[in-house]
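Participant: Sequence unavailable; structure follows:
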């Protein structure tokens, strides 16, 4: 396992802003009530624009109340507010009473109800960043992580209090770190990472701190707040809550304006554009356009609202890929993926992992050799153009572009929804392309990919499901065959690397047998049923086709199949 | 959409390329607005200035010829580039330094762009795929910062348009803004403008129909009548759909003005250059002789070559394209080609629509 992972050059970064009071997220939380009211007002205006007549509004209210009551009946969570049933019962009562009102009164009353609802939602969504709590969390995390690392690794009495190892040895941050730090001072950064595990949120929080960046605001799935330990982390990181059970128009509008206005006010933020953890293990291909479009809208508003002559704060999109040898939830994720494939069924968000499982995982993670890698991509403007370190947009020929020009028709900035929808689509394509380009291939990904493809080739008549249903016993790949295929694919990975189409971990280089060993030792390392193992004869076997397929999927999309 | 009406502003419209179609489009635009018409040759500019005529078309008084791309891009927000596909990329390289993201480009070129690695030519490549074969709108976006891009396609025979016969065109773009601008600038009493959101599909339809146009010319040159043409148009349509799908368009675009509309027109018209090439081939002239006699570009010849190699790469059944390729480049006679096609085992009439 001691395969050359290049000595980690990660160093400690100085904070780019001195005190927490300078942080945009702090400013936001200081004026929390004001901000929430602004969000509610904007969401309210938008709903009124979309539902112009009294009848439309009332229909919307009825649908919302109905859905909320259904949700409370069927799918109530620990984090849900206790006064919820009463609130909605009241709304319903008043809604029914509207029938006896005159049309004018009716309109006024309906408006008031909508406003009451969006205000409640805005309060529900809003994060609660507290500087003290942030500092405390940060220290706790740092302290205990250091204890775990040192205590577990150095088997000597007293090692527990050493500080030889830090998280930086465990988590490799590569890519455009310097640029990211620079951009965070030049404008507003919107970080868009790939999403495969619930751990991602904590990881990103740590990375941001470790890079010396101020806290980012972050839309976290409300389901995460069910897990207490997560809830604590999230709250202190400035997370706002996204409830995916609520699909009604008032909620979605409120959510959209919350993140958009925060960005517009200069709060750096993070969101996972895949929307949810990648079920298949693949790098995200279809992104949620809603949140992306709100960054474009925020940028346009900044151009529109800033008086001429003043400098406009630019928004930068920074794609990030996270790579693990092991994803805690992999077996369940791939199950969900496979059951849903072919039929677009609704996937209930469910988490089988409580605080205890998480701590267990963290302990294993720190005590055993499983590294995590984080690739920071180059900054983009909201149109997907690369930017230089000063934040200027650059075209393919290296010339400077004025991002403002994208919003101009006939010499003036105009609001054109359809145009911006199209821009959003273009941006999402660009982010997906960047994900693939900055992705960092691990030996564990590669062994999983090669093994699965070999099995697929061995059974040309079986479709995916047929293959996955094969009994795992008796499925063996001779080491020599595996080695030869692995070598070909690794060579192609080098070619892709040369062409700038992907990166790979340094441990991928060197003696091929050691690299394969490293991959086998690490792929899905903590699963009860290991996706890949070497048997006594030295050949390759699997204990679980499903998770093997999951880890294999990380390398789909590079046309590596034909080299197996 | 933009609230300001276009005619309020005095910005002229740019047209790049003073060929046959470029001149006609410039004339149509000049009915509403001032037009800057770019031509590479100084002699063409002088001719237009002095005689008010170009390629047999009298030029509208609102048209000002120029050979200054920089000033054209500076003065015009909306530009119609209409130059042959072989020169399109190099023109874009010159133009792109002057372009900004607010520019709207609507092109009228019906051909592919092929960019190969150094030292390779189309003839030395056994097959071609979409990584090297680009539509013109893709070239515009690769070479410049312009994103609001569209194309003009449809049955637009230059001579008929110039004479003001009733006709229609389609403006295709992902952007409503571009479609609206195109409609507002081009629509007139005898010219209808439709919109389509499938940009690549419409471009492909416009390009691929040139293949069938050459075949139609060949049939006509052989002296065959309307039954044969009916057969060709319908089977040609199927082939276009399959090729188009393989190259990234969807079926619908082929059923519209740019597809069936343009196909019927070009297959019936001796005015079309592509048709003329096919006609002369059938009359026994070789490709070399035909090319020697004309100074205008028949885009279809190159298209046959590219489409055939794409069909090979994507394993698409394209019998008309493949045999036409042999006629053009491998000295098969038109008569032989027809015999081959008539024996071709076709089975189903329509199999590209999902019930």
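Facilitator: Structure received. Just so we're clear, the structure is a prediction, and the values are computed from it rather than from any experiment.
Participant: ok, residue 208 - contacts?
Facilitator: No chain specified, so I'll use chain A. Neighbouring residues of residue A:208 by C-beta atoms under 8 Å, 6 or more residues apart in numbering or on different chains: A:191, A:214, A:215, A:216, A:270. (Each C-beta comes from the backbone N, C-alpha and C, glycine too.)
Participant: Sorry, I should have been clearer: chain B.
Facilitator: Residue B:208 touches B:240, B:243, B:244, B:303, B:307, counting by C-beta under 8 Å, 6+ apart.
Participant: can you rerun that using 6 Å?
Facilitator: Going by C-beta atoms under 6 Å, 6 or more residues apart in numbering or on different chains, residue B:208 touches B:240, B:243.
Participant: Around chain B, pick out the residues from chain A.
Facilitator: Within chain A, the positions adjacent to chain B are A:395, A:401, A:405, A:406, A:408, A:409, A:410, A:414, A:416, A:418, A:419, A:422 by C-beta under 6 Å from any C-beta of the partner chain.
Participant: out of those residues, which are inside strands?
Facilitator: Members of the residues of chain A next to chain B lying in strands (criterion: DSSP state E): A:401, A:408, A:409.
Participant: any chance of the residues you listed in CSV, with neighbour count, pLDDT and distance to residue A:38 too?
Facilitator: CSV is the format used below for these (neighbours: other C-beta atoms under 10 Å in any protein chain shown; pLDDT from 0 to 100; distance: C-beta to C-beta, whole Å):
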residue, neighbour count, pLDDT, distance to residue A:38
A:401, 20, 94, 32
A:408, 18, 94, 27
A:409, 21, 93, 28
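Participant: Sort out which one of the contacts of residue A:208 lies nearest residue A:264 for me.
Facilitator: Using C-beta to C-beta, residue A:216 comes nearest to residue A:264 of the contacts of residue A:208, at 15.0 Å.
Participant: tell me which element the residue of the stretch 201-350 of chain B found nearest chain A is part of?
Facilitator: Of all residues in the stretch 201-350 of chain B, the one sitting closest to chain A is residue B:248 (13.6 Å; C-beta to the nearest C-beta). Element membership for residue B:248 (DSSP states H and E) is empty, with no helix or strand holding it.
Participant: For residue B:11, give its distance to residue A:139.
Facilitator: Using C-beta to C-beta, to the nearest Å, residue B:11 is found at 61 Å from residue A:139.
Participant: For the spatially closest residue to residue B:161 that is not a sequence neighbour, give me its contacts.
Facilitator: Nearest residue to residue B:161, sequence neighbours excluded (C-beta to C-beta, 6 or more residues apart in numbering or on different chains): residue B:24, at 4.9 Å. Under the criterion of C-beta under 6 Å, 6+ apart, the contact list for residue B:24 reads B:158, B:161, B:162.
Participant: mind putting those residues in JSON lines, secondary structure included?
Facilitator: Output for the contacts of residue B:24, formatted as JSON lines (DSSP: H, G, I helix; E, B strand; the rest coil):
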{"residue": "B:158", "secondary structure": "helix"}
{"residue": "B:161", "secondary structure": "helix"}
{"residue": "B:162", "secondary structure": "helix"}
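Participant: Derive a ChimeraX selection command for the buried subset of these.
Facilitator: In ChimeraX, this line selects whichever of the contacts of residue B:24 come out buried by 16 or more other C-beta atoms under 10 Å in any protein chain shown:
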select /B:158,161,162
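Participant: ok, of the contacts of residue B:24, which one's closest to chain A?
Facilitator: Proximity of the contacts of residue B:24 to chain A (C-beta to the nearest C-beta) peaks at residue B:161, which lies at 27.4 Å.
Participant: so which helix or strand takes in residue A:208?
Facilitator: Using DSSP H and E, residue A:208 falls in helix A:199-210.
Participant: Downstream of that helix, the next helix or strand is which one?
Facilitator: Going down the chain from helix A:199-210, the next helix or strand is strand A:217-221, by DSSP H and E.
Participant: The residue sitting nearest the centre point of chain B and chain A: what is the separation?
Facilitator: Geometric centre of chain B, nearest residue: residue B:110, 1.7 Å, by C-alpha atoms, centre = their mean. Residue B:110 is 24 Å from chain A, where distance means C-beta to the nearest C-beta, to the nearest Å.
Participant: Let me see the contact set for that residue.
Facilitator: Taking C-beta under 6 Å, 6+ apart, one finds B:206, B:207, B:299 in contact with residue B:110.
Participant: follow-up on the earlier one: would you say the residue nearest to residue B:161 is within a helix?
Facilitator: Yes - assessed with three-state DSSP, residue B:24 lies in a helix.
Participant: And the pLDDT for it?
Facilitator: pLDDT for residue B:24: 91.
Participant: wait, is residue A:189 part of a strand?
Facilitator: Yes - counting by three-state DSSP, residue A:189 is located in a strand.
Participant: For it, list each beta-bridge partner.
Facilitator: Beta-bridge partners for residue A:189, by DSSP bridges, are residue A:316.
Participant: so it touches residue A:268, yeah?
Facilitator: Yes - contact status for residue A:189 versus residue A:268: in contact at 4.5 Å, counting by C-beta atoms under 6 Å.
Participant: Tell me which residues touch residue B:114, please.
Facilitator: Contact analysis of residue B:114 by C-beta under 6 Å, 6+ apart lists B:122, B:132, B:133.
Participant: Where is the longest helix in chain B?
Facilitator: Secondary structure of chain B per DSSP state H: the longest helix is helix B:199-221.
Participant: any idea of the mean pLDDT for that one?
Facilitator: On average, helix B:199-221 scores 93.
Participant: again with stretch B:224-234
Facilitator: Here the average pLDDT along stretch B:224-234 is 87.
Participant: now stretch A:514-529
Facilitator: 87.
Participant: ok, and what's touching it?
Facilitator: A:1, A:3, A:325-326, A:364, A:370, A:443-444, A:446-448, A:486, A:507, A:531-532, A:534, A:543-544, A:547, A:551.
Participant: What subset of the residues you listed is buried?
Facilitator: For the contacts of stretch A:514-529, a burial check counting by 16+ other C-beta under 10 Å picks out A:3, A:325-326, A:370, A:443-444, A:446-448, A:486, A:507, A:531-532, A:543-544, A:547, A:551.
Participant: Let me see the ranges of the strands in the stretch 301-450 of chain A.
Facilitator: Ranges of strands within the stretch 301-450 of chain A are A:315-324, A:372-376, A:386-387, A:393-394, A:400-401, A:408-409, A:412-413, A:440-441, based on DSSP state E, counting those that start in this stretch.
Participant: Now do the fourth one, average pLDDT.
Facilitator: The pLDDT scores in strand A:393-394 average 96.
Participant: mind listing what it pairs with, with the direction of each?
Facilitator: strand A:386-387 (antiparallel), strand A:400-401 (antiparallel).
Participant: near chain A, which residues of the stretch 151-300 of chain B show up?
Facilitator: B:174, B:175, B:176, B:177.
Participant: Select from the residues you listed the one having the most neighbours.
Facilitator: residue B:174 (23 neighbours; other C-beta atoms under 10 Å in any protein chain shown).
Participant: correct me, but it touches residue A:421?
Facilitator: No - using C-beta under 6 Å as the test, residue B:174 is too far from residue A:421 to be in contact (9.2 Å).
Participant: per-residue pLDDT, the residue nearest to residue A:23 when sequence neighbours are not counted?
Facilitator: Nearest non-adjacent residue to residue A:23, counting by C-beta to C-beta, 6+ apart: residue A:214, 3.8 Å away. For residue A:214, the pLDDT comes out at 84.
Participant: and what of residue A:234?
Facilitator: Per-residue pLDDT puts residue A:234 at 71.
Participant: chain center to the helix-or-strand element of chain B with minimal mean pLDDT: distance?
Facilitator: Counting by mean pLDDT, DSSP states H and E, chain B has its least confident helix or strand at helix B:158-162, which shows a mean of 81. For helix B:158-162, the separation from the chain centroid amounts to 15 Å (computed by C-alpha atoms, centre = their mean, to the nearest Å).
Participant: Quick one: mean pLDDT for stretch B:115-130?
Facilitator: Mean predicted confidence for stretch B:115-130 is 89.
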